[in-house]
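> Structure for the following, please:
(chains A and B)
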Amino acid sequence: MANGVIAIEEKNFYQQSTNKYSGILSWLLTTDHKRIGLMYLYTISFFFIVGVIIGILMRLELLTPGKTIVDAQTYNTLFTLHGVIMIFLFIIPGLPAIFGNFFLPIQIGARDVAFPRLNLLSYYVYVVGAILVFISLFLPGGPIDTGWTFYIPYSVRSSTNVSMAILAAFILGFSSILTGINFITTVHRLRAPEMTFFKMPLFVWATYATAWIQIIATPVIGITILLVIIERTFGVGIFDPALGGDPILFQHLFWIYSHPAVYIMILPAMGVVSEIIPTFARRTIFGYKAIAMSSLAIAFVGYLVWAHHMFTSGMSDTARWVFSLLTFIVALPSGVKVFNWVATMYKGSIDPQTPFLWVMAFIFLFSIGGLTGLVLGSLATDVHLHDTYFVVAHFHYVMFGGTGTIFFAALHYWFPKMFGRMYFKKVANIAVLLFFIGFNMLYFTKFIMGYMGMPRRYYDYLPQFATLQEISTVGSWILALAIFLMAGNLIYSLRKGPKAGPNPWGGVTLEWHIPSPPPMENFKEIPTITHEPYDFSQLKEMKNES
Amino acid sequence: MSSAPSVHTETVDFVMLYIVGISVILLLGITITMIYFVIKYNRKKGNKPVDIHGNIWLEIIWIAIPTIIVLSMFYYGYTGFSEIRKIPENAFEVDITARMWAWEFNYKNGLRTDTLYIPVNKPVVLKLKSMDVNHSFYIPSFRIKEDAIPNKINFLSFTAARPGSYDVACAEYCGLNHSMMYTKVVAMEKTNFEKWYNNQASEESR
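You can find the predicted model right below:
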């Protein structure tokens, strides 16, 4: 310290508890948004790995035509569980529950979310949902085999544990809704003095827009799930045509949630990108208002496109072209973001550290995903490509190459802040490269197979697809290696990484003004905001802060 | 003139080329620009960053031009799609029933087969229904599919342009043997087709 006095180290949130317990109970009963964020991190990461392993098994089965390692029934349950776990247990909760929880309050200058105990409840609701998924694997009837979309009539014919599995999804939906309510209230009521909406960081804008989708869309799938359970249990004919119901009605109700759900998945990721680029380019974001408004536009227009999942279902031709047109419109605000992000790199002072490399991978992979969305939004091409591997490739590029890479980027960006340590950068960067290679081998081949006519959810395939299927499987091994390397590096660095200071990257949003790891109450005093969110002239002042 | 299995095949391939072509240009533009900036403005070069907040004209341009582009993509997609939704008056009609896990084709003369036989150069309309769960009738070579839904009749219309035998797959997950519902559509020259159509006994299937 400047005057020779040894500073007494302040306690961080690992050492202080919001309750009177110590040890594990002080975590399990915490109301500290940072501890809750970490509990989500560990739980969600576990389910992500489970989902990856199932994916590896699926690709192993598809390595050769005919049976390779499992039979058809097992394969059908594998792809169902892969979807259910990845979507409901990883991607939908992932970024909001982990990084939204940890950083949204800090970024707006608050000490916690608006409803800390509701926050803890949301976590346990998630855990109960996860346990129900697990239980559904072992009850008589066996694991669900309907695909994650559980279309009627098959989902009311299957003798597997459909009701238990979708009940799990119902409960998980409440975790999402409660988190959404918490975040909206937090943003409206707990911003620090002088932090107007247009001084909020873009990660906060993104998480806020996402929260609105979580609240408004999730109840629709909730009700639909209940109706399916009632139909299976009591034989009430709502969707099942054998009982006088309408299977197309099911598809509409399902997709009215599940399409906005994909914007729940991508918007927070886009928010993280808007944080990482300014920090590593050390200049303000280009087009702050455009990016903020585009998040709201995506959230809104995202409600209007759901039936592009149903172009071959037999709905009217008018419905088909209307939804096609709207689907093209929803692409535009995402394009606006990509252009503004690249423009932010112009005349920056760029230090391409690991988080920035993940963002570069994201821009390439998400662009491919988004552009192939145009192919699918077009009626003529969709009629050919619907329910083929082309769709599987498209959504893996946007969900995994999009949200997935940013999940990794966020981990590497905020790791020093959350854990007070840095990871080994060379290893981290090798993992990015390996991931990029494995990912494209695994999924680009699927675009080609899809156009050649390879349908999805197929246990077996015709001989003309064999070579591409092999390449795709080898890609999955390289991808798995990359994830293993990345995870190993981070886990090892939790204990053995070099200690990190408050601001290893030179960021200027509020989390970089406080110690790493942060103290329990985040700030000694709630700051009064005098700067724009990405004003790097603050860096000089900040060197004196700690 | 060309050797495509159906006229619609070429239409869809054109729309695909159009959208993918523009997409590749956009993707390359974005990626190359990004890599160029990362190299040119690398911190090691020591240049001071410049805080450009935005540019309203740039925002307008990169909303307006993509809007025109996507609207053109929508247009070609729509017109291409309309080809398979018009049912010409003289269309050759086949009723298709899907079930777990096979297709059944019923012709107007009472014929029933498990392979689809159609004449070339004559519009065909397929009427689709299912006996149990959702299926989807997919002919990759013709670039067409439509779902077969229980208690509902969906339709698909196309014209085969040259004789040949083409795969038909089920494209809506329908349980255990979803991947094993392959059959063929066999397009035959007019005389061969008429011989086949008129010579088969009504309940015989090949």
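
> C-alpha only now, for contacts and for neighbours.
Noted.

> any idea of the mean pLDDT in the longest helix seen in chain B?
The single longest helix within chain B, with elements called by DSSP state H, is helix B:7-40. Per-residue pLDDT over helix B:7-40 has a mean of 97.

> Repeat that for stretch A:30-46.
For stretch A:30-46, mean pLDDT rounds to 98.

> Equivalent analysis for stretch A:334-348, please.
Mean predicted confidence for stretch A:334-348 is 97.

> got a list of contacts for that stretch?
Here stretch A:334-348 makes contact (C-alpha atoms under 8 Å, 6 or more residues apart in numbering or on different chains) with A:273-274, A:277-278, A:281-287, A:290-291, A:294, A:298, A:363, B:30, B:33-34, B:37-38, B:41-42, B:48-50, B:59, B:62-63.

> Show me these that map onto helices.
Using DSSP H, these in helices are A:273-274, A:277-278, A:281, A:290-291, A:294, A:298, A:363, B:30, B:33-34, B:37-38, B:59, B:62-63.

> Please parse chain B into its domains.
B:7-82, B:92-199 (automatic domain parsing).

> Need the winner for burial among those.
Of all these, domain B:92-199 carries the top mean neighbour count, a mean of 20, counting by mean count of other C-alpha atoms under 10 Å in any protein chain shown.

> Count the neighbours of A:Leu243 for me.
12 (other C-alpha atoms under 10 Å in any protein chain shown).

> Do a quick rundown of the helices in the stretch 1-150 of chain A.
For the stretch 1-150 of chain A, the helices defined by DSSP state H, counting those that start in this stretch cover A:23-28, A:33-61, A:72-84, A:92-95, A:101-107, A:116-136.

> Let me know the secondary structure of the nearest residue to B:Ile118 once chain neighbours are set aside.
Once flanking residues are discounted, B:Ile118 sits nearest to B:Ala187: 4.9 Å by C-alpha to C-alpha, 6 or more residues apart in numbering or on different chains. Judged by DSSP: H, G, I helix; E, B strand; the rest coil, the three-state class of B:Ala187 is strand.

> Repeat that for the one 4 residues further on.
Taken by three-state DSSP, the conformation at B:Thr191 corresponds to helix.

> With A:Pro527 instead?
Here A:Pro527 is coil, with the state taken from three-state DSSP.

> near chain B, which residues of the stretch 301-450 of chain A show up?
A:312-314, A:321, A:324-325, A:328-329, A:332-333, A:335-336, A:339, A:342, A:345-352, A:360, A:363-364, A:367-368, A:371-372, A:374-375, A:377-381, A:383-384, A:387-388 (C-alpha under 8 Å from any C-alpha of the partner chain).

> I'd like the domains of chain B written out as TSV, with distance to A:Ala192 added.
As requested, these are exported to TSV (distance: least, C-alpha to C-alpha, whole Å):
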stretch	distance to A:Ala192
domain B:7-82	23
domain B:92-199	52
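
> ok so, going back, for chain B, find the nearest of the helices of the stretch 1-150 of chain A.
Chain B sits nearest to helix A:72-84 of all those, at 5.8 Å, using C-alpha to the nearest C-alpha.

> Can you work out which other helices and strands pack against that closest one?
Here helix A:72-84 touches helix A:33-61, going by 3 or more C-alpha pairs under 8 Å, 6 or more residues apart in numbering or on different chains; DSSP states H and E.

> which secondary structure elements does the helix it packs on contact?
helix A:72-84, helix A:92-95, helix A:101-107, helix A:116-136, helix A:466-496.

> sorry, back to before: take the helices of the stretch 1-150 of chain A and write them to JSON lines, including mean neighbour count.
Listed next are the helices of the stretch 1-150 of chain A as JSON lines, based on neighbours: other C-alpha atoms under 10 Å in any protein chain shown:
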{"stretch": "helix A:23-28", "mean neighbour count": "14"}
{"stretch": "helix A:33-61", "mean neighbour count": "20"}
{"stretch": "helix A:72-84", "mean neighbour count": "21"}
{"stretch": "helix A:92-95", "mean neighbour count": "26"}
{"stretch": "helix A:101-107", "mean neighbour count": "25"}
{"stretch": "helix A:116-136", "mean neighbour count": "20"}
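
> By mean pLDDT, point me to the weakest helix or strand of chain B.
Of all the helices and strands that make up chain B, helix B:190-199 has the lowest average by mean pLDDT, DSSP states H and E, namely a mean of 92.

> which helices and strands does that one pack with?
Contacts defined by 3+ C-alpha pairs under 8 Å, 6+ apart place helix B:190-199 against strand B:116-119.
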